[in-house]
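**Q** Just to be clear, the model below is a prediction. Sequence and coordinates:
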Amino acid sequence: MRKLNYSPVAVLFALLLCLAACEEKEYAIPDPVAGLTNDVIKRTLGPNIVGLPIEFAYAMALPASNGKLVSAKVEASIAGATGTFLENRSFYTNTGGQDVGITVGSPSVTTGTTTQVAYTVDTNAATLRYFYVIPPEARGQSVSFTFSATSSNGKTATYKMGPYTISKMDIRRTLAVSNNNNAYISIEDMAVYNSTTAVLNAAKIDLVYLYRATPTAFTHALVSPAAEAQYLPGVTLPAGVNRSTKVRKVFNLQDRNLAQLQFGIYIDDRDFQEINLADAPNYAIGLRAEAGTWVETADGKYRAYVFLNSVNANGSAVISILRYLM
Amino acid sequence: MIVNINTKAMARYYKMACSLLLVALLHAGCKKDTPVDEDGLLITQRAECFVGNFELLGVDFVTVRSKVPVIDTTAQTINVEVLFGTDLKNVYPQFSLASDCKLDPKIVGKVDLSDIANPKTYTVISGNRLVKKPYQLIIKYQ
């Protein structure tokens, strides 16, 4: 019979390991925050589009013994457009899951790039929301934000956010189109014209909206003015409306900014840069609600995504457009 | 009964057994008992060779058929009627084939089927790769 030999060092090491494994660390209460502190989260997702807001939640607090909050300020590297503001209410979520605002300061004042709220109540903790409406001059650039809070003991806390790249896209939502009336769509103007106003903008008309109950595959359509006559049945185009626009049908691409529905899908600059519409036809028929079309204008100057928010069998629809300047 | 085995002899037998096992493994590893074709697909014993079903999707991945396709396995034709206005330059054909079959040419993305006067031919190749049946894809508009 063989005798098993164990090294005393190995045995000792194993014992030590066992001891270490059994040791219980006592919980220690973390050190309380001593001074004024702050934190920021960005609430909006997706691309930053001119005209739409970027929303932040700015939280600040200090121990009650150190004083109270005096003011909150946000400085943007590029001044926000009209509608930029810092909430003067601090929100909490009630048991029903709804956000309830408590007024804690005077309405915000925006001067140039700075937006400020002065506290009017004695509070030592608040979360204020900041809505920065992206101005046209920020298009294609980066924008950064410096959040700062001041307390009654003279202390200041700051928090930097960004830089955030501003998209080159333009957006226009909920344009009503109707058969034989407001049927002429201009991507350049991001507008809809009727047959009278279309004449004045003939060189800019890229698509014609029409609805035909027969053939059954036709229904709602976005057709280029230069498409074959069979795709423009009964349509007499206004003088000068003759562009050939490339159009590609898409389904299940409900961009959140256009659809304003529950879908978390975003079209970004890169989608427009990379899509190849060279072999796309110049018409799209059989469209329905929540369908869309990629569009490239005849001169190649613009690419766009036209989304159908809703359609009506009486021959009307509501569309939204995202446009990208090539 | 107690058997005494020399430790050195044990080690020698052990080495020999290991070497034998290694050689056997190498042999088994190199042996090709599952033939594959040039596409790396398994060649089987099946001789069945036909198209079971056919689908045609548009660029929006929605069907462009206006009715059920007619597949004639004797005449080796697939007759499809597509919706008015279908952009046949950009469609995705989908073939359902008999078990182990493959298609030639392969469909790797969008296909241009706009030349309806000259129907495209797709060849179905059986699982044993011995039977080849060309199917003509005949498309007409609604």
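**A** Done, it's in. Residues are numbered from 1 along each chain as shown, chains lettered A, B, ... in the order given.
**Q** ok, how many other residues are close to residue A:84?
**A** Using other Cβ atoms under 10 Å in any protein chain shown, the number of residues around residue A:84 comes to 21. No exception for glycine: its C-beta is placed from N, CA and C like everyone else's.
**Q** what's the distance between it and chain B?
**A** Taking Cβ to the nearest Cβ, to the nearest Å as the criterion, residue A:84 is separated from chain B by 39 Å.
**Q** for residue A:30, same thing?
**A** Going from residue A:30 to chain B by Cβ to the nearest Cβ gives 53 Å.
**Q** in chain B, which spans are helices?
**A** Along chain B, counting by DSSP state H, helices occupy B:7-30.
**Q** what does it have sitting close to chain A?
**A** Taking Cβ under 8 Å from any Cβ of the partner chain as the test, the list of chain B residues beside chain A reads B:58-62, B:66, B:83-85, B:87, B:89-90, B:112, B:142.
**Q** would CSV of these with neighbour count and pLDDT be doable?
**A** Formatted as CSV, the entries for the residues of chain B next to chain A read as follows, by neighbours: other Cβ atoms under 10 Å in any protein chain shown; pLDDT from 0 to 100:
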residue, neighbour count, pLDDT
B:58, 23, 94
B:59, 21, 92
B:60, 20, 91
B:61, 11, 93
B:62, 15, 93
B:66, 17, 94
B:83, 21, 94
B:84, 16, 93
B:85, 24, 91
B:87, 22, 93
B:89, 15, 93
B:90, 20, 93
B:112, 12, 95
B:142, 15, 86
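**Q** what is the mean pLDDT for the longest strand belonging to chain B?
**A** Assignment by DSSP state E gives strand B:132-141 as the longest strand of chain B. Taken as a whole, strand B:132-141 carries a mean pLDDT of 96.
**Q** residues making contact with it?
**A** Applying Cβ atoms under 8 Å, 6 or more residues apart in numbering or on different chains, the contact partners of strand B:132-141 are B:49-51, B:54, B:56, B:76-84, B:86, B:88, B:93, B:104, B:113, B:116, B:119-126.
**Q** what are the pairing partners of that strand, and which direction each?
**A** Applying DSSP bridges to the sheet, strand B:132-141 is found paired with strand B:77-82 (parallel), strand B:120-125 (antiparallel).
**Q** Centre of the chain to the first one, how far?
**A** Using Cα atoms, centre = their mean, to the nearest Å, we find the averaged C-alpha position of strand B:77-82 to lie 23 Å away from the chain's own average C-alpha position.
**Q** Show the average pLDDT along it.
**A** Across strand B:77-82, the average pLDDT comes to 96.
**Q** quick one on the thing from earlier: closest to residue A:322 out of the residues of chain B next to chain A?
**A** Residue A:322 lies nearest to residue B:60 out of the residues of chain B next to chain A, by Cβ to Cβ, at 17.4 Å.
**Q** beta partners for the nearest residue in space to the closest one that is not next to it in sequence?
**A** With Cβ to Cβ, 6 or more residues apart in numbering or on different chains as the measure, residue A:251 is the residue that lies nearest to residue B:60, at 4.0 Å, once sequence neighbours are left out. Beta-bridge partners recorded for residue A:251 (DSSP bridges): residue A:291.
**Q** ok, residue A:251 touching residue A:291?
**A** Yes - using Cβ atoms under 8 Å, residue A:251 and residue A:291 qualify as a contacting pair, with a distance of 5.2 Å.
**Q** Quick check: neighbours shared by those two?
**A** Taking Cβ under 8 Å, 6+ apart as the contact rule, the neighbours common to residue A:251 and residue A:291 are residue B:60.
**Q** Comparing the two, which shows the higher neighbour count?
**A** A side-by-side neighbour count of residue A:251 and residue A:291, using other Cβ under 10 Å, places residue A:291 first with 22 against 15.
**Q** List the contacts of the residue nearest the centre of chain A.
**A** Centroid-nearest residue in chain A: residue A:46, 4.5 Å away (criterion: Cα atoms, centre = their mean). By Cβ under 8 Å, 6+ apart, the residues touching residue A:46 are A:256-257, A:266, A:268.
**Q** Am I right that it falls within a helix?
**A** No - going by DSSP: H, G, I helix; E, B strand; the rest coil, the assignment for residue A:46 is coil, not a helix.
**Q** give me the number of residues near residue 126?
**A** Assuming you mean chain A. Using other Cβ under 10 Å: residue A:126 sits among 23 other residues.
**Q** um, chain B though
**A** For residue B:126, the count of nearby residues is 23 (other Cβ under 10 Å).
**Q** Without its sequence neighbours, what residue ends up closest to it?
**A** residue B:49 (3.9 Å).
**Q** what are the ranges of the strands in the stretch 1-150 of chain A?
**A** Along the stretch 1-150 of chain A, the segments classed as strands by DSSP state E, counting those that start in this stretch run A:37-42, A:53-61, A:69-76, A:85-86, A:89-93, A:99-103, A:109-111, A:114-118, A:125-133, A:142-151.
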